[in-house]
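Enquirer: coords below, sequence missing:
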């Protein structure tokens with residue numbers, strides 16, 4: 001839930017989605033089912049970056065956060081630099097961008113460019129461009145920091161898919177398998 005007094009709810013400018021999982025919840029490392037995506041934010045989008053930093057400051061200033069954390073030292077900060085973060089800086093789509101990992105146990109509101117409810121489950125994918133609504137919050141479980149809850153996405157335009165490689169029947173090569181193993185002797189199938 002958004003904290004109105006401390007303004008932790010953000011509407012972004014144009015962002016690119018990566019690791020987009022907004023149709024069905026997937027189990028995370030702790031066994032919780034969540035909807036999620038990564039927002040790739042161009043470093044030139046100063047308005048969005050300022051709003052994120054203000055929201056992070058608001059979470060830190062909220063007395064409820066300090067009650068949860070005890071101290072603000074050692075906090076995980078969600079806005080990360082794609083040019084510097086290990087494991088991401090080598091990936092072209094993260095270069096020149098900051099990124100936020102966003103999750104929610106509730107399905108986010110999904111809208112078309114004209115702000116209509118989405119009926120096509122192929123509209124949002126890793127690589128498309130969208131506008132996002134997120135809420136920042138304090139957490140303290142096995143670690144402590146600022147989390148990002150995904151509230152909604154508005155599709156803006158298509159982009160090159162970031163889904164990675166695919167396989168087709170033509171990719172499989174019989175020459176790599178012993179011919180005897182390819183013979184179906186027992187008619188099981």
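Expert: That came through, no problem. Keep in mind the model is a prediction, meaning the values are calculated, not measured.
Enquirer: how about the helices of the protein, start to end?
Expert: 46-61, 63-69, 179-182 (DSSP state H).
Enquirer: Out of the ones you listed, the one nearest residue 124 is which?
Expert: With CB to CB as the criterion, residue 124 lies closest to helix 46-61 of the helices of the chain, at 18.6 Å. From N, CA and C alone the C-beta is placed, and that goes for glycine too.
Enquirer: Identify the residues contacting the closest one?
Expert: Under the criterion CB atoms under 8 Å, 6 or more residues apart in numbering, residues 3, 6-13, 15, 41, 43, 65, 72, 75, 77-79, 98, 100, 136-138, 146 lie in contact with helix 46-61.
Enquirer: Going through those residues, which ones are buried?
Expert: Burial by neighbour count, judged by 16 or more other CB atoms under 10 Å, picks out 3, 6, 8-10, 12-13, 15, 41, 65, 75, 78-79, 98, 100, 136-138, 146 from those.
Enquirer: Where does the prediction get shaky in the chain?
Expert: For the chain, the stretches with pLDDT under 70 are 1-6, 163-168, 171, 181-182, 184-189.
Enquirer: Which stretches in it count as strands?
Expert: Along the chain, counting by DSSP state E, strands occupy 9-11, 15-27, 33-42, 80-81, 97-104, 109-111, 129-140, 144-157.
Enquirer: would a markdown table of the ones you listed with distance to residue 58 be doable?
Expert: Formatted as a markdown table, these follow (distance: least, CB to CB, whole Å):
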| stretch | distance to residue 58 |
| --- | --- |
| strand 9-11 | 10 |
| strand 15-27 | 20 |
| strand 33-42 | 18 |
| strand 80-81 | 19 |
| strand 97-104 | 16 |
| strand 109-111 | 22 |
| strand 129-140 | 8 |
| strand 144-157 | 10 |
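Enquirer: Out of the ones you listed, the one nearest residue 122 is which?
Expert: strand 15-27 (9.1 Å).
Enquirer: for the helices of the chain, which one sits closest to residue 117?
Expert: That would be helix 46-61 among the helices of the chain, by CB to CB, at 24.4 Å.
Enquirer: Next one: the nearest residue to residue 88 once chain neighbours are set aside from residue 178, what distance?
Expert: Spatial nearest neighbour of residue 88, excluding adjacent residues (CB to CB, 6 or more residues apart in numbering): residue 94 at 4.4 Å. Computed as CB to CB, to the nearest Å, the residue 94 to residue 178 distance reads 43 Å.
Enquirer: and those two? which has more neighbours close in?
Expert: Neighbours per residue (other CB atoms under 10 Å) separate residue 94 from residue 178, with residue 94 holding more: 22 against 8.
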